[in-house]
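Asker: Whatever this is, show me its structure:
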Amino acid sequence: MALFIPTYFSPISQYGKILNFDSFIFEIEDNFQKQTYRNRCYIFGANGKQLLNIPISHPKTKERKKTKDILIDDSKWQKRHYKSLKSAYNHSPFFEFYESDLQKVFSKKYTYLIDVTIDTFLFINDALDLSKKHSTSKNYDDSVSNDFRYLANTNTQLDFYFEPYIQMFDHKYGFLENLSVLDLLFMEGPNSISYLEKTSVN
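Answerer: Here you go, the predicted model:
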């Protein structure tokens, strides 16, 4: 069984690994860490690499909070994020095809971050017809054989192969690798599966 941390519209590297498993576990019993993909993703905007960050409520005490207990701290983040996505990808080959389902994520009321990240996975799972089954962890286990929790860290050095594909603004900034899977989805549509199959770790 593989173990992943649920992240916000996960980077391509995470889906490259998810593709290898029929079912997996989402880690929700870990301590939340800042500066990770748990509450952020990167897209390709008109000015280059663009961060979309979900504001969260930080505990007033020094006691660490688990991923499953993290609260969202801003009710307007969805409007901002959707506006940024539409601005970046409105003229991409497949944005219009997925737009109505995407809007559901940005119109639903959320209290906990975990619910957002699970819903973004379900969106991609359905959009690409992956048919992947997931469950959530009941306790923290530090000895898992297929442990891909490290993919949630933005500063982890990855030994992945990211074959260039056409991106909206690559004529200005060149190819940007390992963006949110949304970038791949809006540019490649159903062909995203073939791309993910070639994305691997040595």
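
Asker: just checking, what packs against the longest helix along the chain?
Answerer: Counting residues, the longest helix found in the chain (DSSP state H) is helix 113-127. In terms of contacts (3 or more Cβ pairs under 8 Å, 6 or more residues apart in numbering; DSSP states H and E), helix 113-127 is packed against helix 95-107, helix 181-188. In short, each C-beta sits where N, CA and C put it, glycine included.

Asker: of all these, which lies closest to Pro11?
Answerer: With Cβ to Cβ, the closest approach to Pro11 among these belongs to helix 181-188: 6.9 Å.

Asker: Following element in sequence after the closest one, please.
Answerer: Using DSSP states H and E, the helix or strand that follows helix 181-188 in sequence is helix 192-198.

Asker: which ones are touching the nearest residue to Ser23 once chain neighbours are set aside?
Answerer: Nearest residue to Ser23, sequence neighbours excluded (Cβ to Cβ, 6 or more residues apart in numbering): Lys133, at 4.0 Å. Shown in contact with Lys133 (Cβ atoms under 8 Å, 6 or more residues apart in numbering): Asp22, Ser23, Phe24.

Asker: Restrict these to the buried ones and give me that as a PyMOL selection.
Answerer: To isolate the buried ones among the contacts of Lys133 in PyMOL, judged by 16 or more other Cβ atoms under 10 Å, type:
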select buried, resi 24
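
Asker: can you list the contacts of Lys133 in a markdown table and add secondary structure?
Answerer: As requested, the contacts of Lys133 are exported to a markdown table (DSSP: H, G, I helix; E, B strand; the rest coil):
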| residue | secondary structure |
| --- | --- |
| Asp22 | coil |
| Ser23 | strand |
| Phe24 | strand |
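
Asker: And the contacts of Lys133, which is closest to Ile12?
Answerer: Each of the contacts of Lys133 was checked against Ile12 using Cβ to Cβ; the closest is Phe24, at 16.7 Å.

Asker: phi, psi of the residue lying closest to the closest one once chain neighbours are set aside?
Answerer: Closest residue to Phe24 apart from its sequence neighbours, by Cβ to Cβ, 6+ apart: Ala2 at 4.1 Å. Main-chain dihedrals, Ala2, degrees, to the nearest 10: phi -90, psi 150.

Asker: do Tyr42 as well
Answerer: According to degrees, to the nearest 10, Tyr42 has phi -120, psi 130.

Asker: Can you get me a residue count around it?
Answerer: Tyr42: 21 surrounding residues under other Cβ atoms under 10 Å.

Asker: wouldn't it be in contact with Leu52 here?
Answerer: Yes. Counting by Cβ atoms under 8 Å, Tyr42 touches Leu52, with 7.4 Å between them.

Asker: joint contacts of those two?
Answerer: Overlap of the contact sets of Tyr42 and Leu52 (by Cβ under 8 Å, 6+ apart) consists of Ser180.
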